[in-house]
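[1] Could you look at this predicted model? Sequence included:
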Amino acid sequence: MRDPENIRVVEEMVHPDMMGFIFWKGSKRYVSEVPAYLPNCTRVGVFVNPTEKEVLQKIKDFSLNAIQLHGEETPDFCQRIKQSNNLPIIKAISVGEKDSSLFAIRYTLYEEIIDYFIFDTKCKCIGGSGEQFDWDILQHYKGNTPFLLSGGIGPGDEEKVKRWRHPKCIGIDLNSRFEIAPALKDAEALTKFKRLVVRD
């Protein structure tokens with residue numbers, strides 16, 4: 001997110017738990033300056049292979065509440081960021097179609113270090129592909145760290161999301177398939193999706 005009015009409308013209509021701000025210049029959703037309005041929900045700074053100095057500056061500028069590391073950040077780097085800022089760390093792990101053994105190796109490296117995983121579709125780009133992976137691969141996840149399900153979830157997936165279960169899944173990430181334009185969300189579509197998915 002980066003448009004102040006869109007941020008305000010999504011916050012008021014959808015009431016998300018978290019809202020992401022992408023600080024990777026390679027993304028078409030890159031946030032180059034602080035919006036005139038920032039949400040009251042958890043503000044997540046999304047980084048790809050940043051320096052510690054960059055993370056610290058964005059925490060200050062955007063009053064971030066959590067850090068998402070979406071690149072090839074090492075467990076040691078994640079630990080240093082967590083210790084220096086005392087904010088929750090979300091580590092993205094890309095999941096491929098025939099990836100179960102590699103997937104298990106990757107996530108175990110970060111266990112006990114980060115606070116949440118976000119499992120996203122493995123692709124040539126870095127997130128935001130609009131493509132889904134086989135969620136059944138996550139049945140191989142035996143870790144203790146809670147996670148968010150990501151990767152091309154959009155309108156029409158309501159029943160699939162409602163049927164899918166994992167004891168460590170605490171939520172879903174909605175992004176590219178709800179966009180009118182890069183970083184500009186369709187608040188009505190998000191509201192409808194949430195209404196159809198959220199259980200009483």
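    Right, received. Where do you want to start? Numbers count the residues shown, from 1 in each chain.
[2] Can you get me the start-to-end distance on stretch 28-39?
    End-to-end distance for stretch 28-39: 21 Å, by Cα to Cα, to the nearest Å.
[3] Determine how far the helix or strand of the chain with the lowest mean pLDDT lies from the middle of the whole chain.
    Every helix and strand of the chain was ranked by mean pLDDT, DSSP states H and E. The lowest is helix 100-110, at a mean of 78. Helix 100-110 has its C-alpha centroid displaced from the chain centroid by 18 Å (Cα atoms, centre = their mean, to the nearest Å).
[4] One more: stretch 177-187?
    Here the centre of stretch 177-187 is set off from its chain's centre by 15 Å, with Cα atoms, centre = their mean.
[5] Can you give me the end-to-end span of it?
    From its first residue to its last, stretch 177-187 covers 12 Å (Cα to Cα).
[6] So what touches it?
    Outside stretch 177-187, the residues that touch it by Cβ atoms under 8 Å, 6 or more residues apart in numbering are 1-3, 6, 9-10, 13-14, 22, 28-29, 31, 130, 152-155, 189-190, 193. Where C-beta positions appear, they are placed from N, C-alpha and C, glycine not excepted.
[7] now Arg163: how far from Leu174?
    Going from Arg163 to Leu174 by Cβ to Cβ, to the nearest Å gives 17 Å.
[8] who's more crowded, these two?
    With neighbours defined as other Cβ atoms under 10 Å, Arg163 and Leu174 compare such that Leu174 has more, 23 against 7.
[9] Next up, the contacts around that one.
    Leu174 makes contact with 153-154, 190, 193 under the criterion Cβ under 8 Å, 6+ apart.
[10] Just these: which are in strands?
    Cross-referencing the contacts of Leu174 against strands under DSSP state E gives no overlap.
[11] ok, of those residues, which one's closest to Tyr141?
    Using Cβ to Cβ, the shortest approach to Tyr141 within these belongs to Ile153, at 17.4 Å.
[12] Would you mind confirming that the closest one makes contact with Trp135?
    No. Using Cβ atoms under 8 Å as the test, Ile153 is too far from Trp135 to be in contact (9.8 Å).
[13] Name the residue in those two with the higher neighbour count.
    Taking neighbours as other Cβ under 10 Å, Ile153 and Trp135 compare with Ile153 leading, 23 against 18.
[14] Could you pull up the residues touching the more buried one?
    Residues counted as contacts of Ile153 (Cβ under 8 Å, 6+ apart) are 132, 161, 172-174, 177.
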